[in-house]
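[1] no sequence on hand, only this structure:
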């Protein structure tokens, strides 16, 4: 934010992180040209989306892959991927000594191998992030990306142009308005640019001068070549004046332009259908080497780099800048701090002095020093019209522009969209913009659950509002569905299994099925938590065994051997409720381990033991052992509740719940409500859970000596 160059935007939502572009700054060198990687944790980035092949949008990608802990995925269009490798290899070839800090051949190959391609309108989902590219105009293969994370949609334009030119279509309008628009604010006017451009060039060569046009090797240079080819064809008096394109990289990349005709506009596609290639030039020739260049008369040379960084364009500028007949025309954006920026600022002070990157001073005496924008960035009017088409967008974030330009554009847009109540944000490096969103998730109900829901609606005047649904939530990408557990194999590739558990309790004495049933009925009748179980207890008898039905899923098998020993087996399918009920049943049955059958029948208490009849704890305890366990119970419950009182004589505990309700606990497990106020359901469930944990800690299942 607040500058043009090293585009790199981090978009975060719901634990997902997307990096939008990863470029270098054209006016800086070495590590200073990189995005501020030290301020972010690259390991958290899930996804990198590259909009186009210009270095200020992709040049830091090799460093990201080679020198940080980034482990996510990288996506760009197939056209951009082909250009990316050529552009980066050219940067390696002509770069300064500091360029090895930014890119090496090893880092480049590593980054290139990790790139996955995606085409316009193709939708992909990665780690819960749905994204889709749309044509952005600007240069061949440029894309704007739509991003959807859990229903919040963002659109990142990158560099885009809503104006069709000689070979590229205008940027698309996505079919769905995003919640957040992240849009460039380079904001360049375009009035009569072609007329001005060709007029200035014509004036320079007419006075026997040499005209230098610094351009980026790829992208807008191809548009300028088409303009000059057409202009030269229309002016026979210029046919003797050569036009050169001094970029070996561009010459190599022309094959890609031939290959991706389908990504260009209808004008080019129609010519291609007629076997006419607009990129086969009649009046323009390549200039591969300055050593063989016959610099002997008027000519026009389009040369890279576009901002007079070290390269062919700077060498020619050094040759020609001291001759008043010559001229220089900048056809793209000039970033502050570059030689091109200095030349344009001093054009009104000619003769002037220009400082090269190596510190040498050049005399500037050219009569023609002009600039006109062909860089295919959106201007204020196009940005306004673009936002107007996105009718539901409520948040617009301006990036890729100087602070003053962004502030001016923000003010204009705020005035234009005052009635919409849209919020506009300008950006600064390392300053986060936080926008709160509340998302609602929806899921489809399928199969048996859907039919049950419709039956419930039929009994509720056709309405399903307010109905609760219980099932298994299935997530496939961003699609959520709820199904009955039995339907899981129908809607997924998963098999469903039921885990059945069993606990075996051997008794060294004889207990009939009727005795076991009676004992369980007596135990559950005293329980506040499981009082309803007592009503469903029943027995199924046979000659050798009995089966006691504790609940629909929990049963106890009673078997006898020849020695009149009894074996109790508890069986149940696993579930939270069944596990709890089986545990309590096991605790109840362990009380039968006493060798004397009078464990629970004998009402006569030993008067010498004051605690014998004071409380029916789950195990026969007396004396100091009983008091010790009651004290442990008291201290353990005090960890959950602030007010706990325990009577060591009776074993009765009174405690205060979170909602202010008092309850009484008997035998360390049974709950008695002491007030008229109904107990909060959540508080009651928490109390039951806490009691179970403490109960099983204090009174573990005893082991028989024979086990």
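    Yes, it's here. All of these numbers come straight from a predicted model, not from anything done at the bench. Residues are numbered from 1 along each chain as shown.
[2] now do the phi/psi pair for residue 47.
    Torsion angles at residue 47 (phi, psi; degrees, to the nearest 10) stand at phi -150, psi 140.
[3] now residue 5, what's its secondary structure?
    At residue 5 the chain is in coil, as set by DSSP: H, G, I helix; E, B strand; the rest coil.
[4] and for it, nearest residue in space, chain neighbours not counted?
    Here the nearest residue to residue 5 in space, its sequence neighbours aside, is residue 25; by CB to CB, 6 or more residues apart in numbering that works out to 3.8 Å. The way it works is simple: take the backbone N, C-alpha and C, and place the C-beta from them, glycine included.
[5] share the number of residues neighbouring the one you found, please.
    Residues within reach of residue 25, counting by other CB atoms under 10 Å, total 22.
[6] again with residue 449
    As a burial measure, the neighbour count of residue 449 was computed by other CB under 10 Å and equals 21.
[7] try the one 4 residues further on
    For residue 453, the number of neighbouring residues by other CB under 10 Å comes to 16.
[8] what packs against the host helix or strand of it?
    Take DSSP states H and E as the rule and residue 453 turns out to sit in helix 447-458. Contacts of helix 447-458 with other secondary structure elements, assessed using 3 or more CB pairs under 8 Å, 6 or more residues apart in numbering; DSSP states H and E, are made with strand 479-483.
[9] just after the strand it packs on, pick out the following helix or strand.
    Secondary structure here is assigned by DSSP H and E; on that basis, the next helix or strand after strand 479-483 toward the C-terminus is helix 488-491.
[10] hmm, who's touching that next one?
    446-447, 472, 474, 481, 483, 494-496 (CB atoms under 8 Å, 6 or more residues apart in numbering).
[11] of those, just the buried ones, PyMOL syntax please.
    Here the buried members of the contacts of helix 488-491 are turned into a PyMOL selection, burial being counted by 16 or more other CB atoms under 10 Å:
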select buried, resi 446+447+472+474+481+483
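[12] and of the contacts of helix 488-491, the nearest to residue 671?
    When the contacts of helix 488-491 are ranked by distance to residue 671 (CB to CB), residue 472 comes first, at 31.9 Å.
[13] OK, contacts around residue 81?
    Taking CB under 8 Å, 6+ apart as the contact definition, residue 81 lies against 112, 115, 117.
[14] so the closest residue to the second one other than its chain neighbours bridges to which residues?
    When you say that, I think you mean residue 115. The shortest distance from residue 115 to any non-neighbouring residue, by CB to CB, 6+ apart, is to residue 74 (4.9 Å). The residues listed as beta-bridge partners of residue 74 by DSSP bridges are residue 48, residue 115.
[15] from residue 12, how far off is residue 74?
    Taking CB to CB, to the nearest Å as the measure, residue 74 and residue 12 are separated by 18 Å.
[16] between these two, which one's more packed in?
    Neighbours were tallied for residue 74 and for residue 12 using other CB under 10 Å; the higher tally belongs to residue 74 (23 against 14).
[17] am I right that the more buried one is in contact with residue 48?
    Yes. The pair residue 74 and residue 48 qualifies as a contact (CB atoms under 8 Å) at a distance of 4.6 Å.
[18] and for the two, which residues touch both?
    Shared contacts of residue 74 and residue 48, defined by CB under 8 Å, 6+ apart, comprise residue 61.
[19] residue 325 contacts residue 207, doesn't it?
    Yes. With contacts counted by CB under 8 Å, residue 325 reaches residue 207, the gap being 5.3 Å.
[20] which of these two has more residues huddled nearby?
    Taking other CB under 10 Å, residue 325 and residue 207 do not tie; residue 325 has more neighbours (17 against 13).
[21] for the more buried one, give me its contacts.
    When contacts are counted by CB under 8 Å, 6+ apart, residue 325 is found next to 204, 207-210, 367.
[22] can you flag which of the residues you listed belong to strands?
    Counting by DSSP state E, those place residue 210 in strands.
[23] by neighbours, which of the contacts of residue 325 wins?
    Neighbour counts for the contacts of residue 325 were taken using other CB under 10 Å; the highest belongs to residue 204, which has 25 neighbours.
[24] isn't it up against residue 212?
    No. Residue 204 is not in contact with residue 212 according to CB under 8 Å; the separation is 9.2 Å.
[25] so what sits against both of those two?
    326-327.
[26] pretty sure residue 426 contacts residue 407?
    Yes. Using CB under 8 Å, residue 426 and residue 407 qualify as a contacting pair, with a distance of 6.0 Å.
[27] more neighbours: the two, which one.
    Shown here are residue 426 and residue 407; by other CB under 10 Å, residue 426 has more neighbours (20 against 14).
[28] for that one, which non-adjacent residue is spatially closest?
    Nearest residue to residue 426 in three dimensions, chain neighbours excluded: residue 406, at 4.3 Å (CB to CB, 6+ apart).
[29] now do residue 164
    Across the structure, with CB to CB, 6+ apart as the measure, the residue nearest residue 164 apart from its sequence neighbours is residue 170 (4.6 Å).
[30] could the contacts of residue 325 go into TSV alongside pLDDT and distance to residue 678?
    Shown next, in TSV, are the contacts of residue 325 (pLDDT from 0 to 100; distance: CB to CB, whole Å):
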residue	pLDDT	distance to residue 678
204	95	93
207	94	99
208	94	102
209	95	96
210	95	95
367	93	95
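[31] now the phi/psi pair for the residue nearest to residue 426, please.
    Dihedral angles phi and psi of residue 406 (degrees, to the nearest 10) take the values phi -70, psi -40.
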